[in-house]
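Enquirer: coords please:
(chains A, B and C)
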Amino acid sequence: MVDLSQYLPILIFLVIALGLSTLFVFLPMATARLTGVYNPTAEKLSEYECGFPAFEDARSQFDVKFYLVAISFIIFDLEAAFLFPWAVSLGVTGWVGWTGMMIFLGILAIGLAYEWKIGALDWD
Amino acid sequence: MNFATSLMLIGAELGLCLVALVLLLLSAWLPRAAARVLTIAAASALAGASIYTLALLLNGTAGPDANAFGALLRLDAFSAVAKLLIYLSTFACLVVTPSFFERRGQYRGEYPVLLLFNAVGMSLLVSATDLMTLYIGLELSSLSSYILASFARSDMRSAEAGLKYFILGGLASGILLYGMSLVYGFAGSTNFDAIRTALAGELGTGALFGIVLVFAGLAFKISAVPFHMWTPDVYDGAPTPVTTFFAGAPKIAAVAILTRLSFSAFGEQFAAWQQIVAFVALASIVVGALGAIGQENLKRVLAYSSINNVGFLLIGLATGTAAGVSAMLIYLAIYAVMTLGSFVALLMLHDADGVPMETFGSIAGLAQRKPALAWALLVLMFSLAGIPPLFGFYAKLVVFQAAVDAGLIALATVGIAASVIGAFYYIKFVKVMFFDARPSSDARAEVARNPAGHWSVLAASTVLLSPLGFLLTPAMERWAAAAASALFLTA
Amino acid sequence: MQPITIIVFLPLLAALAAGIVNKAAPPVFAKAVTTGALLVACALSWPIFLGFLTGEASPALVPVAPWVQSGTLVFDWALRVDTLTAVMLVVITSVSALVHIYSWGYMAEDPDQPRFFAYLSLFTFAMLMLVTADNLVQMFFGWEGVGLASYLLIGFWYRKPSANAAAIKAFVVNRVGDLGFMLGIFGTFLVFGTTSIGQILDAAPAMSGATITFLGMRLQTMDVLCILLFIGAMGKSAQLGLHTWLPDAMEGPTPVSALIHAATMVTAGVFMVCRLSPMFETAPVALALVTFIGAATCLFAATVGTTQWDIKRVIAYSTCSQLGYMFFAAGVGAYGAAMFHLFTHAFFKALLFLGAGSVIHAMHHEQDMRYYGALRRDIPVTFWAMLIGTLAITGVGIYGIGGFAGFHSKDAILEVAFARGSEMGRFAFWVGAFAAFLTSFYSWRLMFLTFFGRPRWADSPHIAHAAHDDAHHGGADNPPSQEDAQPKGPHAVPSPNYEAGTGGYHPHESPASMLLPLGVLMVGAVAAGFVFSGAFLDREEFWGGSIFYNAPLMHAMHEVPLLVKLAATIAMLAGLALAWQAYLRDTRLPGQAAEQLGPIYRFVYRKWYFDEIYNAVFVRPAFWLGRLFWRRGDVGLVDRFGPDGAAWVVRRGSRAVRHLQNGQLANYAFVMLLGVVAAVSWVLVR
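Expert: Numbering: from 1, shown residues only, chains lettered A, B, ... in the order given. Now for the predicted structure:
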């Protein structure tokens, strides 16, 4: 039988998360109503996700630049994800660990420089 | 294991990596016309890496104990030989590439950079002795391959090829990773030797699943049936120099790591995977042979031909013996030469405007127009068909010999029978070139002149495949045997 | 190097040189090389023959090379030279050399001359190999070699369907005989344990009376072997039953007919029987069969010869008939007489054929005698050659004084058949005498139809064609044009005074290259008889043991009644008289006779219906069987389940694979996943 008591912190985390997300949804609505700036228009009422209408034909064309940005974002997002464990274990890994991460960052920097130079970061 | 030794063992990869990074920056800052210079630099780097690897192999540094970074990588005779094959065929691809893209104004400095990254990935792959390094090498190679496939960005077919390759490759990677995770879960380690020890004895269902899925993932890379579906479309759609590359080095690398993994990690479970490999081998031979019949496009024919050849290679793997692996390596080397030569010949078939002539109809009567090219193709095709006294016959001979010695007589018999089907379309090349009438004048395009680089690669491969190639057999047998025995030391 | 080696192999080298160079050099190269080789061979052959004639030479065996050593079966290439061989050597090389020379003129306008001359020399080599053979296998090699050359030369004009058919017929019919010959060789090896002719002949007398089981019956060993060997001889020498190919073989160029189908190859059977005569002497049944077949062929061919209209076919049947004489001479034990007739026949029959060739040449390839007539004034040399040939074949001579070649040899055969005293001998004599009458009749018929009477050329399509060309080329009114720029040929000489039957055509005498061989052969046809009759017939030491010489019989030959001795001459005169009456005096007579004797005439004219019967009995069933095997067996069974079936499966498989490769990404992924599922299922259920 699984000892459920070990999962208590996760339950608490879930409850807090649920509470926070509910707050984020309803707080702006309540604020708008209460401060009297509630003034809905068709534009304001349309649902959107990442700049696109949420309910529409999925096969519509969109600009490939979104992808470029997304890919670049993921790379540096992952870099950050790597940096956290590296940072906490730096005391153990020492200079070898430090050099390894510097090489990794160096390679990423070269990639960024290349990206910048060929204009992948320019929106237009 | 000290750090310096580890760096020394992966010196070739390090060097290639550094050169690739420098060239990447240069390709961004230098004008596009400098692409040719970058190509030469990349080719030199590959030549240097070959020499470095050869030196390590010859001076005895490369050995079964030459583990780097805590047994993440190993530079033994097997990986050294595989790396040499990879570097050399990548080098040859670099030689024949620029003029193709330059004729279309598509050549950019990224091309040699991508090839270099690909080479680094492949050489990490073949020396991997850990699932993690295996995966990193595989993905480094694959990701650059996806980009290469769609290198001709403005060409719809090239883009389609890249996308198909990417999506199916992603699926295959997923299957592979799933298999790896299962294997890791049941073996408790990602190191090949540790996996081997852990999985000895009766095999649980989960580990069996893992092994099968890992095989499936790698089978995609070598385009073995039924994971071959991407091959004809990608080979056909990708620019011809890229196809030339795909048919050579990545296949070598994938076959090599599959072999290493089979014997180093799953050697104790030979009975579990032998039948699957044997079936996949047969299916590849038959489908490769059948698919090529009726094709009008020469690149598709050669794509199916590569599927067919993978089947013959896998026969060597299915034997499970050192002799089989040795035969497989010999086949691999000869296959690399044959496929390189065939695609180079295909590259050379274009008219003055650079429009490729890649259908059977367009090479009709080639023997009268370009006798040298036609005769070289004749040697290549007869060699692929395994007709003595050409060298391709020797390749098939050693593989079948190993299969018969290992008692796989039925497999060898069906393989030989199916190679007759394959002979049909190889000989069709010859028939069309030598005996068919030239196309009518309006559809007729003259084959344009080709640079000396193409001719020298074609001539080299033709000479190697001619009966003169048999002079190399003692050396080849010695090296192949050394490489094969490196895998069986732990057995 | 021995002269005999040069004689045998020089023609081979010449044939190879001519055949390989072929049209790369002007035709004169091939012609000169082959003709030169044959002249050298001929020049070397005569001294050998004369050596045996004077008794200076002795039999010799010249080894060439080892051939087969397999267990007890051991034989080598070796050339055997004795009297019998020497006789054949001079016949072959002389006639062959003359035919080579003749062909310079006869084939002058043919585009394929190098091939023709190469074949001729190849034939000569094979024939020489046959007659110099020291063992049966080597003889068989030569035997098949001449068969091959014969096939190639009959079908020389391969664009002509009838020539191809004739070549195939000759080959197939000869295969029947060759089967007998092969069985004979196998049997001989089985019985004697060797294929060496010398050893076999030494051992043969001791075998007399031994029995062997053949086809389930207990039979006399020697009879079985000799009959099998004789079947081979029948095929090659066109004896009754296996003769049907010879008349058709006339489709080949006329020099070929003279060399192969008159003088040399067709006599190979006679030669073989003589070569193995000690063996045949121990086989009485076989000898009786040889006599009977010989006599029957002699009569049969002569009757058919009397009704044919094609000049070459008449001579072909004549050859067949004369070969019958040789066989029954051998059958009664007079091998010397058989060889003598072979020798003389070679000269006069070659003469007749080459003469006929000259006539055909003059008549623009018209071969039908109904369109000849009155040619003696236009082509006098040919006329004289044919006349001498006819005198020789009909055996003109005066008893006690001498005569033309055929007189000596044919008389000797008839006398010896009578002298034999046996039933079969008497039969052969009477048949032979009657055949001599027929021989005389058809020979003179040929002469009268061709050279006497009135010209009947106008109706011939060949002549009409030629005359039309003449009118076109020679017409003085026509304005000069490119075509008229050619020099005018002899055809173009106008002949205003000529009779209406000529159709405006003027035959021309053949060139010197064709007349020279005729002259030489004329000498042979006149002299070969009385010069050599003593040696061939009466001198046992001349033969030196190379054939079985029945001395008492040859003596008895001279003791036969006078009427017998005169029988041939009487028959000859009767035939001459009948021919003169029928074809010169009363030219309606043949037509009336044919009408009155309707069925008999048709029977003879259609060659005793041999071709029709063979067609119904052998050819049609064979075709039916062949078609059955082809349609049902080969196409329906072997091909259907073999190559065609495999190809069908491959085609279907290929279509399925291509169908699967439809370019849909989802489909590809699906196949991959199916593969994974299949592999996983397999390892689980295994």
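
Enquirer: average pLDDT for the one helix or strand C:Ile6 maps to?
Expert: Per DSSP states H and E: C:Ile6 is located in helix C:3-21. Averaging pLDDT along helix C:3-21 gives 92.

Enquirer: which residues are contacting it?
Expert: By C-beta atoms under 8 Å, 6 or more residues apart in numbering or on different chains, the list of residues contacting helix C:3-21 from outside reads C:29-30, C:33-34, C:36-38, C:40-41, C:44-45, C:47-48, C:60, C:62, C:64, C:79, C:81, C:89, C:93, C:96, C:114-115, C:117-122, C:124-125, C:128-129, C:132. No exception for glycine: its C-beta is placed from N, CA and C like everyone else's.

Enquirer: what do you get for stretch C:179-194?
Expert: Contacts of stretch C:179-194 with the rest of the structure, by C-beta under 8 Å, 6+ apart, involve C:72-73, C:75, C:135-137, C:140, C:143, C:195, C:199-200, C:203-204, C:207, C:210, C:212, C:214, C:221, C:224-235.

Enquirer: chain neighbours aside, what residue packs nearest to C:Met514?
Expert: Leaving aside its chain neighbours, C:Met514 sits nearest to C:Gly105 (3.9 Å; criterion: C-beta to C-beta, 6 or more residues apart in numbering or on different chains).

Enquirer: would you agree that neighbour is in contact with C:Leu516?
Expert: No: in terms of C-beta atoms under 8 Å, C:Gly105 does not count as a neighbour of C:Leu516; the distance is 9.0 Å.

Enquirer: which one's more surrounded, those two?
Expert: With other C-beta atoms under 10 Å in any protein chain shown as the criterion, C:Gly105 and C:Leu516 differ in neighbour count, and C:Gly105 comes out ahead with 20 against 15.

Enquirer: any idea how far the more buried one lies from C:Pro26?
Expert: Going from C:Gly105 to C:Pro26 by C-beta to C-beta, to the nearest Å gives 17 Å.

Enquirer: now restrict the contacts of helix C:3-21 to buried residues only.
Expert: C:29-30, C:33-34, C:37-38, C:40-41, C:44-45, C:48, C:62, C:64, C:79, C:81, C:89, C:93, C:96, C:114-115, C:117-122, C:124-125, C:128-129, C:132 (16 or more other C-beta atoms under 10 Å in any protein chain shown).

Enquirer: around the nearest residue to B:Ala149 once chain neighbours are set aside, how many other residues sit close by?
Expert: Here the nearest residue to B:Ala149 in space, its sequence neighbours aside, is B:Gly162; by C-beta to C-beta, 6+ apart that works out to 4.0 Å. For B:Gly162, the number of neighbouring residues by other C-beta under 10 Å comes to 23.

Enquirer: enumerate every residue touching B:Gly162.
Expert: Contacts of B:Gly162 were listed using C-beta under 8 Å, 6+ apart, and they are B:Tyr146, B:Ile147, B:Leu148, B:Ala149, B:Ser150, B:Phe151, B:Gly237, B:Ala238.

Enquirer: tell me the two of those that are most distant?
Expert: B:Ile147 and B:Gly237 (13.9 Å; C-beta to C-beta).

Enquirer: which one's more surrounded, the two?
Expert: For B:Ile147 and B:Gly237, the more surrounded residue by other C-beta under 10 Å is B:Gly237, and the numbers stand at 25 against 18.

Enquirer: who in chain B is up against chain C?
Expert: B:164, B:167-168, B:171-172, B:175, B:205, B:208-209, B:212-213, B:215-216, B:219-220, B:225-227, B:229-230, B:232-233, B:272, B:275-276, B:286-287, B:290-291, B:293-295, B:421, B:424 (C-beta under 8 Å from any C-beta of the partner chain).

Enquirer: tell me which of the residues you listed fall in helices.
Expert: The subset of the residues of chain B next to chain C located in helices under the criterion DSSP state H comprises B:164, B:167-168, B:171-172, B:175, B:205, B:208-209, B:212-213, B:215-216, B:219-220, B:230, B:232-233, B:272, B:275-276, B:286-287, B:290-291, B:421, B:424.

Enquirer: mark which of those are buried, thanks.
Expert: Buried residues within those, defined by neighbour count using 16+ other C-beta under 10 Å: B:164, B:167-168, B:171-172, B:175, B:208-209, B:212-213, B:215-216, B:219-220, B:230, B:232-233, B:272, B:276, B:286-287, B:290-291, B:421, B:424.

Enquirer: just how off-centre is stretch C:347-366 within its chain?
Expert: With C-alpha atoms, centre = their mean, to the nearest Å as the basis, the distance from the averaged C-alpha position of stretch C:347-366 to the chain average is 16 Å.

Enquirer: low-confidence stretches in chain A?
Expert: Scanning chain A for pLDDT under 70 picks out A:1, A:50-51.

Enquirer: just the strands in it please.
Expert: Residue ranges of the strands in chain A, as given by DSSP state E, are A:48-49, A:52-53.

Enquirer: the last one pairs with which strands, parallel or anti?
Expert: Looking at strand A:52-53 with DSSP bridges, its paired strands and their directions are strand A:48-49 (antiparallel).

Enquirer: list the contacts of the partner strand.
Expert: Applying C-beta under 8 Å, 6+ apart, the contact partners of strand A:48-49 are A:Ala54.

Enquirer: go with 10 Å
Expert: A:Ala54, A:Phe55 (C-beta atoms under 10 Å, 6 or more residues apart in numbering or on different chains).

Enquirer: any residues of the stretch 501-650 of chain C in contact with chain B? List them.
Expert: Among all residues of the stretch 501-650 of chain C, those adjacent to chain B (criterion: C-beta under 10 Å from any C-beta of the partner chain) are C:Ala646, C:Ala647, C:Val649, C:Val650.
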